[in-house]
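> Based on what follows, work out the 3D shape:
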Amino acid sequence: MISRYDKKEISNLWSNHARFETMLEVELAILKSLEGSIVPKGTTDEINKVVTIDVDRIEEIEKETRHDIIAFCTSITEKLSPEVGKFFHYGVTSSDIIDSALTLQIKRSLDQIIPAYEELLSTLMKRAEEAKKTITIGRSHGMFAEPLSFGQKLLGHYCEFARRLEDLKDFYNKELTVQFSGAVGSYTVLTPQNEIDAAKTLGLKVESVSTQVIPRDRIAKLISITSLIGAAIERIAVEIRHLHRSDVAELFEGFAKGQKGSSTMPHKKNPISGENLTGMARMLRSQVQVATDNTILWHERDISHSSAERFMLPDAFGILFYSIKRLTSTVENLVINKEEMSRKVKENFTYLSSFYLHKLIEKTDLKREDLYVVVQKASFDATDADQFYNSITGQLEKKNLKIDLPRPTFEEIESIFMGHVETVFERVKKEYKL
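Below is the predicted model:
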């Protein structure tokens with residue numbers, strides 16, 4: 001991650017030092033499983049007392065070996081006696097260590113991301129509850145449609161994010177696996193029981209069938225989930241940006257004291273957070289192609305996935321964590337222009353077309369198609385509510401129909417279009433177990 005968007009909670013987990021620390025943790029877990037049989041008891045503790053990670057030394061050795069795992073192992077064993085050092089990396093292959101450590105890094109990243117995500121959901125629900133009784137004009141194809149609760153609009157975004165959290169937690173609980181099966185996954189030296197014991201030490205599950213690598217469809221699934229989270233982020237970001245526009249002015253991002261909107265136009269308050277998040281969402285979604293391509297490896301294993309993952313995974317988690325934090329702040333500080341929302345509902349009248357269409361269906365014996373034409377003509381011709389109402393009644397009188405149609409007040413309009421919002425909120429709370 002570039003420093004502008006860096007969050008240390010994530011980037012510290014993916015530094016070179018952290019990577020080698022995690023690999024050491026994995027090496028010692030498998031070594032521990034061998035103690036008392038092949039390896040003398042206490043070997044793991046003895047190594048732990050002596051060894052520290054020296055990234056500079058590892059990189060120095062790698063210049064000669066051109067193999068980062070051999071360089072890592074050499075940097076460790078050169079600090080140990082031959083009697084102890086000979087058991088380090090015993091029975092495993094490089095991918096056992098790389099992939100198992102990678103799983104730990106993923107797990108620890110999700111340990112940071114999931115609580116932040118839950119905070120985002122909590123914030124979305126809080127703002128949705130606050131705006132539950134706020135009426136706004138709904139749009140279809142970008143055009144005025146019918147009024148709805150602005151809180152329900154936010155609730156729809158809440159539901160999408162809640163579904164993705166379920167996906168993320170399901171991945172966390174089912175897809176985090178390690179392997180210690182040796183070359184081509186055939187357990188030539190180690191046993192499945194050694195693998196189980198090491199996995200237990202690390203608090204992770206065993207990969208059922210490893211082919212010298214943990215299958216990359218697991219990571220592809222994770223990136224697919226983060227990509228969908230990116231889509232959810234952009235959907236709400238675009239909504240904020242549209243409603244923020246000068247000609248709409250129904251919603252504004254918070255504007256901090258001292259903040260500037262333009263280098264030359266002092267009046268500007270731009271939706272910079274929504275625009276930033278839109279860009280971040282595009283980066284998240286762009287990683288799907290790489291992740292799916294990485295699932296296709298030659299025979300039991302190649303390393304065509306390795307270089308791509310060194311870019312993709314730190315960025316995926318870094319961008320996601322940054323975006324979740326920023327979106328939470330953005331939602332928390334949204335300024336809802338209730339007066340403008342109400343004004344649009346009060347001054348626009350054509351949304352009553354559906355209301356009157358169904359009233360006419362109830363009160364007349366005319367065909368729906370004929371009634372549709374009546375209401376459509378009134379909607380297209382009228383410039384205010386009185387003209388709209390009079391056009392409908394006038395057209396019906398020409399058909400020898402005199403019907404007393406209701407003229408709802410604004411309070412009645414709120415009741416008509418938001419009458420079931422409480423039911424919708426309760427349904428969501430039940431479905432997502434709030």
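
> Which residue ranges of the stretch 101-250 of the chain form helices?
150-174, 192-202, 217-244 (DSSP state H, counting those that start in this stretch).

> residues contacting Met167?
In this structure residue 167 is Asp, not Met. Ile225, Leu228 (CB atoms under 8 Å, 6 or more residues apart in numbering). Placement of C-beta: from N, CA and C, glycine included.

> what do you get if the cut-off is 10 Å, keeping everything else the same?
Lys221, Leu222, Ser224, Ile225, Thr226, Leu228, Ile229 (CB atoms under 10 Å, 6 or more residues apart in numbering).

> List only those of these flagged as buried.
With neighbours counted by 16 or more other CB atoms under 10 Å, those contain buried members at Lys221, Leu222, Ser224, Ile225, Thr226, Leu228, Ile229.

> Which residue is the nearest non-sequential neighbour of the third one?
Translated: Ser224. Distances taken as CB to CB, 6 or more residues apart in numbering put Val288 closest to Ser224, at 6.1 Å, once the chain neighbours are dropped.

> Who are the contact partners of the one you found?
Contacts of Val288 by CB under 10 Å, 6+ apart are Ala220, Ile223, Ser224, Thr226, Ser227, Leu228, Gly230.

> How about Ile336?
Arg127, Glu130, Ala131, Thr134, Thr136, Phe150, Gly151, Leu154, Leu243, Glu250, Leu251, Phe252.

> please redo it, this time with the cut-off set to 7 Å
Ala131, Thr134, Phe150, Leu251 (CB atoms under 7 Å, 6 or more residues apart in numbering).

> so what pLDDT did the residue nearest to Ser224 get?
In this model, Val288 is scored at 97, pLDDT.

> And for Leu434?
Taking Leu434 on its own, its pLDDT is 63.

> next one: Ala256
On the pLDDT scale, Ala256 gets 75.

> which two in the contacts of Asp167 are spaced the farthest apart?
Comparing every pair within the contacts of Asp167 by CB to CB identifies Lys221 and Ile229 as the most remote, at 13.0 Å.

> closest to Val92 among the buried ones among the contacts of Asp167?
Leu222 (24.0 Å).

> Phe171 is in contact with that closest one, correct?
Yes: assessed by CB atoms under 7 Å, Leu222 is found in contact with Phe171 at 5.7 Å.

> which residues of the protein score low on pLDDT?
Within the chain, the stretches with pLDDT under 70 are 434.

> Now do the strands in it.
With DSSP state E, the ranges of strands along the chain come out as 135-140, 143-149, 177-178, 205-206, 251-252, 335-336.

> Tabulate those strands (CSV), appending distance to Ser186.
What follows is these, written out as CSV (distance: least, CB to CB, whole Å):
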stretch, distance to Ser186
strand 135-140, 60
strand 143-149, 61
strand 177-178, 17
strand 205-206, 15
strand 251-252, 60
strand 335-336, 62
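
> Need the winner for burial among these.
strand 177-178 (a mean of 23; mean count of other CB atoms under 10 Å).

> That one: partners in the sheet, and parallel or antiparallel?
strand 205-206 (parallel) (DSSP bridges).

> chain center to the strand it pairs with, what's the gap?
25 Å (CA atoms, centre = their mean, to the nearest Å).

> Please name the spatially closest residue to Arg368 (chain neighbours excluded).
Ile361 (6.1 Å).

> so the one you found touches Lys367, yeah?
No: using CB under 7 Å, Ile361 is not in contact with Lys367; the gap is 9.5 Å.

> more neighbours, the two?
Ile361 (14 against 10; other CB atoms under 10 Å).

> how close does the more buried one get to Glu118?
46 Å (CB to CB, to the nearest Å).

> Glu414 now?
In terms of CB to CB, Glu414 sits 32 Å off from Glu118.

> Compare neighbour counts for the two and give me the winner.
Applying other CB under 10 Å to Glu414 and Glu118 shows that Glu414 carries more neighbours, namely 19 against 14.

> unless I'm mixing things up, that one is touching Ile135, no?
Yes: using CB under 7 Å, Glu414 is in contact with Ile135, at 5.3 Å.

> So which residue is smack in the middle of this structure?
Ile229 (2.7 Å; CA atoms, centre = their mean).

> contacting residues around the closest residue to that one other than its chain neighbours?
For Ile229, ignoring the flanking residues on the chain, the nearest one in space by CB to CB, 6+ apart is Arg164 at 4.8 Å. Arg164 sits next to Ile225, Leu228, Ile229, Ala232 when contact means CB under 7 Å, 6+ apart.

> now Gln112
Contacts here follow CB under 7 Å, 6+ apart; on that basis Gln112 touches Glu9, Ile10, Phe321.

> Roughly how far does the nearest residue to Trp298 once chain neighbours are set aside sit from Arg310?
Excluding the flanking residues, the one nearest Trp298 by CB to CB, 6+ apart is Ser304, at 7.8 Å. Distance, Ser304 to Arg310, using CB to CB: 12 Å.

> what's the distance between stretch 358-371 and the middle of its chain?
46 Å.
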